[in-house]
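Participant: Whatever this is, show me its structure:
(2 chains)
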Amino acid sequence: MSRRALPLIAASALLAVVLTGCVPNRPGGAGASALTVDAADTGCTVSSTTVTAGNVVFTFRNTGTDTNEFEILADDKLRVVGEKENITPGQTITYVVQLQPGRYFTACRFRQVGDLVGMASLKVTGERIRASSNGSARESKAVADYVSYVRSQTEQLLPAVTRFADAYRSGDDPAARSLYVTTRAYYERIEPTAEAFGELDPGIDYREVDALAEGRTWRGFHRIEKDLWPPAPGAVNSDGTPADTGWAPSTPTERAGYADGLVADVQKLFDLVHGKSFSPGLGEISNGAIGLLDEVATFKITGEEDWWSGTDLADFAANLEGAKVAVDNVKEIAASRGSREATLVRTIDARFASLKALLARYDDPQTGYLPYGQVTQAQRKELSDSVNALAEPMSRLTSSVLGVPKS
Amino acid sequence: MTHGIDPESRDSPDARPRRLSRRGLLGLAGAGAVGVVAGGAGGAAVAAGVASAASAAAASAAHPFHGVHQAGLTTPVQDRLHFAAFDMAEGATRADAISLLKDWSAAAAAMTTGAAIGATGAVDGPLTAPPEDTGEALDLPASSLTLTFGFGPELFEKDGQDRFGIADRRPPRLRPLPRFAGDALQPAISGGELCVQACADDPQVAVHAIRNLSRIAFGRAVIRWSQLGFGRTSSTSSEQKTARNLFGFKDGTANITSDETAELDKWVWAARDDGPGWMAGGSYLVTRKIRMVIETWDRQQLAEQQRVIGRDKGEGAPLSGGSEFTGPDFRATRAGAPAIDPRAHVRLAHPENLGGTRLLRRGYNYVDGSDPLGRLDAGLFFISFQRSPEQFVKVQSALASDAMAEYIKHVGSAVFAVPPGARRGGWVGESLFA
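Facilitator: Numbering: from 1, shown residues only, chains lettered A, B, ... in the order given. Coordinates of the predicted model:
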């Protein structure tokens, strides 16, 4: 959690974005190539795994039994570079997106919620296309892609949190413990967005000490965490107070209440980001990335966030992934403003890579991230140094993205 | 390179905003011009009669950053210290090291005149970017700030790796210090690949300097440890009053002073013939964090305290008689016993018993609050500059039987090569990376 929220609607109404998710194009023009997508309830077949860079025409046919959506993801499998929603059963639509050379992934999302279906690699070959000289079109696309990404994360978060809450409610603690980390990742990647909606983050992600300090009823992920990893006798909270002061293991009735409350809060988040008024500005996307790193530097690095589960490094990784997606959405805009900004973007990219590599050392393919209690003070300092090395240039990104006029 | 990325002035030098000068704010720009004669500041402190309280004139003094030697060695010792040791970041390159030293030099040149760092300082930048300067020294004068940079042994070679292409330029004299009797060194507060000694008459100015230099370094170098100090424990000017350490005794009476030119050449400045050539005009810096067992010391009778030190507590005169600046007579006896105990600190540390060896001392008292047992976590942050670290080794080895050892514990240690000063338009360490 964070104590700072980002205003979601820029006062200056920076961009009036039309969320079409596609770029103006001339289907069949130079460099165009065409692919077909067959979407069923459990499949998502693209006619080719390679295509030439340029305006790519996807002809999407929904052969399934319910509404579907199509997503094109960057090679991190997170950042959305193209999306077409609300394709009804039996419908065939044509969708055009400009793709630069590189590796992408395509996937469908049956009923527009839950895990992506039929994820497949798509290699885009050929020459890089010169970016549109139309700055506002590029900015609109950056915002539209980011909005698609946030929606995509909540679409996966909602079913995941429902499964997690069900396991917790029914007392299947081993299952709930294993779902805790994977479920939170969808939330941690887009946390600044939830914080921007004011009352949502306190309900979903407040820690006990902060809820008490603000006189709130403590609920959400961390309330459930304390039931799933109950304190040993004599254990203390992160502020040094006895763990059992004002706390007792939840009764089945209380568990049901916390489970339902968490799902309801996440449903609210889902609805808000799918609403028409969800329209962040470029600066907010950049500030969101900075906010995610601040989150890491302030709460994850100290081990305060997941005090009972020790899963801080998994949250750390998700915060980092979320920040990277936000930066990738806006960095071309920053880099186009001048050589200093281009240097800044290169520095940020290099330091993201260093931090990711460092974090990967703690990630075991079988058991996941090392519990934070087992990370030594020297290792924590090394992680902290690497976070600082990234956060310092990141702090200058917003002014580069916005291209503040000279005073 | 991360620092100084400033969208606002990116392609129009003439768009540089007016820089808010800290000194300008106080209206002292004319009165305390850059480069105040060093003796003037020291003299003012003596006139005030209180060594630890800086007079307004001393506080507004500014010492030039550029010169043959770095400032902060023979500069009259300021009242406050913030000393920081850094390690280069993992994966940092030679280009990173050079760019860091250039950026540090530019920031140091600004801060030592009392100016904020960067093109836009603390408050003149865009609202959408963090300020270049952190701002807590706005409204404060230069405060005699000096910034002295040094290079530790591992900068040249670490675990057999020559990361920056300078392994063959390591001064042969720059080696980790040997282990001394009674060492209780903690690795977390020892060593370092780079160091910055920030001294000023205002603690906020010294801390501001280290804070901003650390920020500039993020991604290229990281803080390994840092130490605050107060109440200088020695003087480098014959006009400065000798200060007291936390044992309550005058310390560093026999220090080398800035007017002893020949002694400085003999004992402090590295000569070209000492090798390597890039160190000519530089020096070697040793730091020792010496924890004092304050509570035990305070329970010792006055006679015992004076026996341990070998001087009288009030005046600072040697127990063989005379006044503070009277040379100690180690053969003198009182009632059939040596007037100065064979194990007295003054005897063991005196040049007379060390073949004439001298050090330029520049230490500070420190108090890091209290330890978990409620004892004052305090002592002496010893700093000495010498032409060769061997001089320090000789002195410290002689202190093996020091009666004071019972009341102290060496907990931190580091050694650095201090390169010569930066020329105007140049940067500190330029001769090393040439």
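
Participant: measure the residue of the stretch 151-300 of chain A found nearest chain B to A:S400 for me?
Facilitator: Per CB to the nearest CB, the residue of the stretch 151-300 of chain A with the smallest distance to chain B is A:G283, at 6.7 Å. All C-beta spots, glycine's among them, are computed from the backbone N, C-alpha and C. In this view, A:G283 and A:S400 are 11 Å apart by CB to CB, to the nearest Å.

Participant: With neighbour numbers in mind, choose between these two.
Facilitator: Legend: neighbour count by other CB atoms under 10 Å in any protein chain shown for A:G283 and A:S400, higher for A:S400 (31 against 22).

Participant: Do whatever helix or strand the more buried one lives in and chain B come into contact?
Facilitator: A:S400 is located in helix A:397-402, with elements delineated by DSSP states H and E. Yes - counting by CB under 8 Å from any CB of the partner chain, chain B is contacted by helix A:397-402 at A:398-400, A:402.

Participant: Grab the most central residue of the chain for me.
Facilitator: All of this refers to chain A. In chain A, the C-alpha nearest the mean C-alpha coordinate belongs to A:R189, at 3.2 Å (CA atoms, centre = their mean).

Participant: Flag every buried residue along stretch A:364-378.
Facilitator: A:368-372, A:375 (16 or more other CB atoms under 10 Å in any protein chain shown).

Participant: taking those one by one, which sit in strands?
Facilitator: A:368-369 (DSSP state E).

Participant: quick one, what contacts residue 93?
Facilitator: Chain wasn't specified; assuming chain A. A:59-60, A:84, A:87 (CB atoms under 8 Å, 6 or more residues apart in numbering or on different chains).

Participant: actually it's chain B I care about, not the one you picked
Facilitator: B:163-164.

Participant: sec struct for B:I290, please.
Facilitator: strand (DSSP: H, G, I helix; E, B strand; the rest coil).

Participant: whoops, I mixed them up, A:T36
Facilitator: Per three-state DSSP, A:T36 ends up strand.

Participant: Measure how buried it is and give me the count.
Facilitator: 14.

Participant: Pull the number of nearby residues for residue 275.
Facilitator: Let's take chain A. Neighbours of A:G275 (other CB under 10 Å): 9.

Participant: meant chain B actually
Facilitator: 13.

Participant: got a pLDDT number for A:K141?
Facilitator: pLDDT, A:K141: 89.

Participant: Look up which helix or strand it falls in, please.
Facilitator: Going by DSSP H and E, A:K141 is in helix A:135-169.

Participant: what packs against the helix or strand just after that helix?
Facilitator: Counting by DSSP H and E, the next helix or strand C-terminal to helix A:135-169 is helix A:173-189. Judged by 3 or more CB pairs under 8 Å, 6 or more residues apart in numbering or on different chains; DSSP states H and E, the packing partners of helix A:173-189 are helix A:135-169, helix A:221-228, helix A:312-335.

Participant: quick revisit: any idea which of the contacts of A:I93 the model trusts least?
Facilitator: Among the contacts of A:I93, A:K84 has the weakest pLDDT, 86.

Participant: hang on, isn't that one packed against A:V57?
Facilitator: No - the criterion here is CB atoms under 8 Å, and A:K84 misses it with A:V57 at 11.9 Å.

Participant: Which one's more surrounded, those two?
Facilitator: A side-by-side neighbour count of A:K84 and A:V57, using other CB under 10 Å, places A:K84 first with 23 against 18.

Participant: Would you confirm that that one belongs to a strand?
Facilitator: Yes - looking at A:K84 with three-state DSSP, it is inside a strand.

Participant: Look up the residues forming beta bridges with the residue nearest to B:A184 when sequence neighbours are not counted.
Facilitator: Nearest residue to B:A184, sequence neighbours excluded (CB to CB, 6 or more residues apart in numbering or on different chains): B:K409, at 5.0 Å. Using DSSP bridges, the bridge partners assigned to B:K409 are B:R291.

Participant: Then B:N365?
Facilitator: Beta-bridge partners, per DSSP bridges, of B:N365: B:F230, B:L380.

Participant: ok, now which ones touch the residue nearest to the centre of chain A?
Facilitator: A:78, A:153, A:318-319, A:321-322, A:325.
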